[in-house]
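**Q** Sequence first, then the predicted structure:
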Amino acid sequence: MKKWVFWVVLAGLLGLEWAHQDSEAFAPRQDVRIIQAAAGNVPRSLTVISASQIHQGNLLLVNKEYALHKSGISKDVVNLSEHQELVQGYGLLDNTIRLSEHVTEKFSAMIQAAAKQGVQHFVISSGYRDNAEQQQLYKEKGADYALPPGHSEHNLGLSLDIGSTQMEMSRAPEGEWLQEHAWDYGFILRYPQDKTDITGIQFEPWHFRYVGLPHSKIMRDKNFTLEEYLEFIKEQKTITASVNGTEYQISYVAVHGNTPVPTPAGRHVEFSGDNMNGVIMTVYP
């Protein structure tokens, strides 16, 4: 098919897609839509990303400068004390600890791996906080030790403070194990000791954030904070990485309204907003 014919057909498909916004393709909160088209005998996909996707996903940057949007809060936050099947091999500081169920499952798998190496005195001391809880903490601790509501990663549901029942995390075997291995399970040490000038937060050996694979391992290998990683992807536009034998292609997409993005058909495609101006697209087999 000639190129101009392809794009005319594609434009028609897009117009059809946007004209039928009450169709099944527009399920509630579905911000990424796939449109199938074809050029000759080669199937192609076009993904239409809405502006709201910028504020959703595992790679959202939430800090003093960028506030969390309501749509970015994890939808599967649960009270862990009410889900004992999720609390295996570690303790909870109290019965108010909440966290994304998906993140808790990843955390549990990580703790089980640590236990096999004899490291097993973990406790979650803090997880998700709503704005009222964050406001109270900010009022009590002040700006030097807490962030205002909406600017704390704890408002996401993807971050947690991890402790040891034996000693403080800066000296505990649990802290040492996490700093070495957490990356293998999709977690990052969010506020490293040598990156305070970038994060704006003092060293917190207890604060870990889930970003998922392959991002956590790339960040470890390049010694990147989340701020640095997102800037790196934006500058490079597209990078490729092999993690655990799987080849990944990671790309930055600037989003302006409904933005069509070509994607390879027949592969897994994941999107996460950066909470700034774009979306990170991760493609893998």
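**A** Right, received. Where do you want to start? Numbering: from 1, shown residues only.

**Q** Pull the number of nearby residues for G266.
**A** A total of 7 residues lie near G266 under the criterion other C-beta atoms under 10 Å. From N, CA and C alone the C-beta is placed, and that goes for glycine too.

**Q** do R98 as well
**A** As a burial measure, R98 scores 23 neighbours (other C-beta under 10 Å).

**Q** ok, what's across the strand from it?
**A** For R98, the beta-bridge partners under DSSP bridges are N79.

**Q** got the contact list for it?
**A** Applying C-beta atoms under 8 Å, 6 or more residues apart in numbering, we find R98 in contact with V77, V78, N79, L80, G127, Y128, G157.

**Q** Do you know the pLDDT at it?
**A** For R98, the model assigns a pLDDT of 98.

**Q** a markdown table please, covering the contacts of R98 and showing distance to E204, neighbour count and pLDDT.
**A** Listed next are those as a markdown table, based on distance: C-beta to C-beta, whole Å; neighbours: other C-beta atoms under 10 Å; pLDDT from 0 to 100:
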| residue | distance to E204 | neighbour count | pLDDT |
| --- | --- | --- | --- |
| V77 | 21 | 20 | 98 |
| V78 | 24 | 18 | 98 |
| N79 | 24 | 14 | 98 |
| L80 | 21 | 23 | 98 |
| G127 | 15 | 27 | 98 |
| Y128 | 17 | 25 | 98 |
| G157 | 18 | 27 | 97 |
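
**Q** Now render those residues as JSON lines, adding distance to D194.
**A** Putting these into JSON lines (distance: C-beta to C-beta, whole Å) gives the following:
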{"residue": "V77", "distance to D194": "32"}
{"residue": "V78", "distance to D194": "35"}
{"residue": "N79", "distance to D194": "36"}
{"residue": "L80", "distance to D194": "32"}
{"residue": "G127", "distance to D194": "26"}
{"residue": "Y128", "distance to D194": "28"}
{"residue": "G157", "distance to D194": "28"}
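
**Q** Show me which of the residues you listed is closest to S108.
**A** L80 (10.2 Å; C-beta to C-beta).

**Q** Could you tell me how far the closest one is located from D94?
**A** 10 Å (C-beta to C-beta, to the nearest Å).

**Q** related to what we said a few turns ago, which single one of the contacts of R98 is nearest to Y229?
**A** For these, the nearest to Y229 is G157 (20.2 Å; C-beta to C-beta).
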